[in-house]
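Asks: this one's structure only:
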C-alpha cells in the first residue's frame, strides 16, 4: 500500500518537474546556453516592429522592418506578477522575424514571416558577474556561449531597463505591475 | 491507506483540472462567453501591425496603426501541433493594442501600448450552427453574446481561412505544420 502511495505521488511530482525543467535555462558542461525548444509556449510579453534599438535592426529595410517577439519563462512571469521583480533563473527569449505585407487577403500593414534570429537574456546570480548574461543562438541550433560583456546590450540594458536589466517599459501588461510594486525605475516613468 | 491514496491522486488531478478549466471557453447560462482572465498566459501565435483586414482598423491612423496579438488556448494548440487541425472547444483571442513610437530609448518603429479591444473566436460544434462563433467583449469586462452570423467576420473567415475557419496563413510557426499534415487549403498556398 505504501508503495502505491509513493508511486501515485511520484507520478504527480515527475510530471510537474519535467514541465518546470523545460522552462528553465539549461547549460552545457562548458557553460553554453542550450536553445530552449518550447519557448513559443512560454509567456509572450510583447512585440514591436522596426524598433531601432533592436540588435538585429541592421538587416532590416524601411519596406521590410522586423518584428521582435519577447517571451519569458512561465515561472519567472508568475513571480513577476506577485513581486514586480525578476527572480533568479529568469530567461527572456527575443525572437526576430521578417515582416511581410500584401499576401493572402492582406493589403496593407505587416504580418510576421520567417525567423531571422533568436537571442536570450538570462538572470543567474551565481553564474554571471553582472547577474545577467546575453546570448545569440546560431541558426544551426547549437548552444550559445555568453556574449562578451563589452557587447552593447549589457551597458544598454543596465542603463535603460525600467525594471532590473529588462525593458519592462515596452511590455504593456507588466509596466503597471512594476509601477504598483515600486520596482519601476523613476527615470523611465 | 486507501483514503490516503485517494487524497494523493485527487490532489494531483484537481491541480490539473483547474489549470485546464481556465483555458477552456466558459459560457453563462444564457449562452454568453465569459472573458478569459488568463489569456495572456495562453499560447501566442503571432501579431501583426496595421493589417487592413483587421476588425478594429477603423479607429487607427497611418501614424498610429494598431497591433493585433493572437492567442490560442494551450490544449487546442497542442492538438494542432499533432494534427494540423483545431479540436472542438478551440478558443482564439484577438487582442488589439495601440502603437507608440519615440518613447524611452526608442526612436523609430512601433511598440505596443494600451488595449483597444478584445475579441474571441470559439469552435463549439454542438453550440454554433457553423461550428465557430465570434464575440466582441465589452470594455466593462462583461460576458459577450455571440455576434450575429451576418457580421463580416463569419463569411471572411469561412472563405479565406487557410485552416478550417482560421487565418493560419498569418501564423508562421503553424503554417508549416498544417502544410505537412495536409490541412492547409490549397487556394491559400
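Replies: Good, I have the coordinates. Please read all numbers here as calculations on a predicted model, not as lab measurements. Numbers count the residues shown, from 1 in each chain, chains lettered A, B, ... in the order given.

Asks: the strand of greatest length in chain A near chain B anywhere?
Replies: If you go by DSSP state E, chain A has its longest strand at strand A:111-123. Yes - residues of strand A:111-123 are located near chain B by Cβ under 8 Å from any Cβ of the partner chain, namely A:111, A:112, A:113, A:114, A:115. In short, each C-beta sits where N, CA and C put it, glycine included.

Asks: ok, residue A:184 - contacts?
Replies: A:84, A:162, A:163, A:168, A:169, A:175, A:178 (Cβ atoms under 8 Å, 6 or more residues apart in numbering or on different chains).

Asks: count of neighbours near the residue nearest to it when sequence neighbours are not counted?
Replies: Nearest non-adjacent residue to residue A:184, counting by Cβ to Cβ, 6 or more residues apart in numbering or on different chains: residue A:178, 4.0 Å away. Neighbours of residue A:178 under the rule other Cβ atoms under 10 Å in any protein chain shown: 23.

Asks: next one: residue A:90
Replies: 25.

Asks: which residues touch it?
Replies: Going by Cβ under 8 Å, 6+ apart, residue A:90 touches A:72, A:73, A:76, A:79, A:122, A:123.

Asks: show me what the fifth one bridges to in the sheet.
Replies: Legend: beta-bridge partners of residue A:122 under DSSP bridges are residue A:91, residue A:133.

Asks: out of the helices and strands in chain A, which is least certain?
Replies: When each helix and strand of chain A is scored by mean pLDDT, DSSP states H and E, helix A:2-21 comes last, with a mean of 41.

Asks: give me the angle between whichever helix or strand comes after that helix and strand B:43-49.
Replies: Proceeding N to C from helix A:2-21, the next assigned helix or strand is strand A:43-49, under DSSP states H and E. Per axes from the mean of the first three to the mean of the last three Cα atoms, to 10 degrees, the angle that strand A:43-49 makes with strand B:43-49 is 20 degrees.

Asks: so after strand A:43-49, what's the next helix or strand?
Replies: With elements assigned by DSSP H and E, the helix or strand that comes after strand A:43-49 is strand A:66-72.

Asks: model confidence over the helix or strand following that next one, on average?
Replies: Downstream of strand A:66-72, the first helix or strand assigned by DSSP H and E is helix A:74-83. What helix A:74-83 shows for mean pLDDT is 98.

Asks: swap in stretch A:46-60?
Replies: 71.

Asks: you'd agree residue A:149 is up against residue A:157?
Replies: No - Residue A:149 lies out of contact with residue A:157 (Cβ atoms under 8 Å); the separation is 11.3 Å.

Asks: the two: who's more crowded?
Replies: Ranked by neighbour count (other Cβ under 10 Å), residue A:149 and residue A:157 place residue A:157 first, with 17 against 14.

Asks: enumerate every residue touching residue A:97.
Replies: A:66, A:67, A:68, A:69, A:112, A:113, A:114, A:115, A:116, B:172.

Asks: run through the bridge partners of the first one.
Replies: Spelled out, that is residue A:66. Bridge pairing for residue A:66 (DSSP bridges) gives the partners residue A:98.

Asks: now it: how far from residue B:49?
Replies: Distance, residue A:66 to residue B:49, by Cβ to Cβ, to the nearest Å: 11 Å.

Asks: find the residues that touch each one of the two.
Replies: A:49, A:99.

Asks: number of nearby residues for residue A:143?
Replies: Residue A:143: 17 neighbours (other Cβ under 10 Å).

Asks: again with the one 3 residues further on
Replies: Summarising burial for residue A:146: neighbours were counted as other Cβ under 10 Å, giving 20.

Asks: on that earlier part again, hmm, which two among the contacts of residue A:184 are most spread apart?
Replies: Pairwise distances across the contacts of residue A:184 peak at 13.3 Å for A:84 and A:169 (criterion: Cβ to Cβ).

Asks: could I get the buried residue list for the longest strand of chain A?
Replies: A:111, A:112, A:113, A:116, A:117, A:118, A:119, A:120, A:121, A:122, A:123 (16 or more other Cβ atoms under 10 Å in any protein chain shown).

Asks: farthest pair in the residues you listed?
Replies: Applying Cβ to Cβ across those, the maximum distance is between A:111 and A:123, 32.0 Å.

Asks: for residue A:169, grab phi and psi.
Replies: phi -60, psi -20 (degrees, to the nearest 10).

Asks: quick check: chain neighbours aside, which residue is closest to it?
Replies: residue A:162 (4.0 Å).

Asks: likewise for residue A:111?
Replies: residue B:48 (4.1 Å).

Asks: hmm, the one you found is touching residue A:113, no?
Replies: No - applying Cβ under 8 Å as the test, residue B:48 and residue A:113 come out as separate, 10.9 Å apart.

Asks: what sits closest to the residue sitting nearest the centre point of chain A if chain neighbours are left out?
Replies: Nearest to the centroid of the C-alpha atoms of chain A, with distances taken as Cα atoms, centre = their mean, sits residue A:92, at 1.6 Å. Leaving aside its sequence neighbours, residue A:92 sits nearest to residue A:121 (Cβ to Cβ, 6+ apart; 4.4 Å).

Asks: what do you get for residue A:128?
Replies: residue A:146 (7.2 Å).

Asks: and residue A:175, by the same measure?
Replies: Once flanking residues are discounted, residue A:175 sits nearest to residue A:168: 5.7 Å by Cβ to Cβ, 6+ apart.
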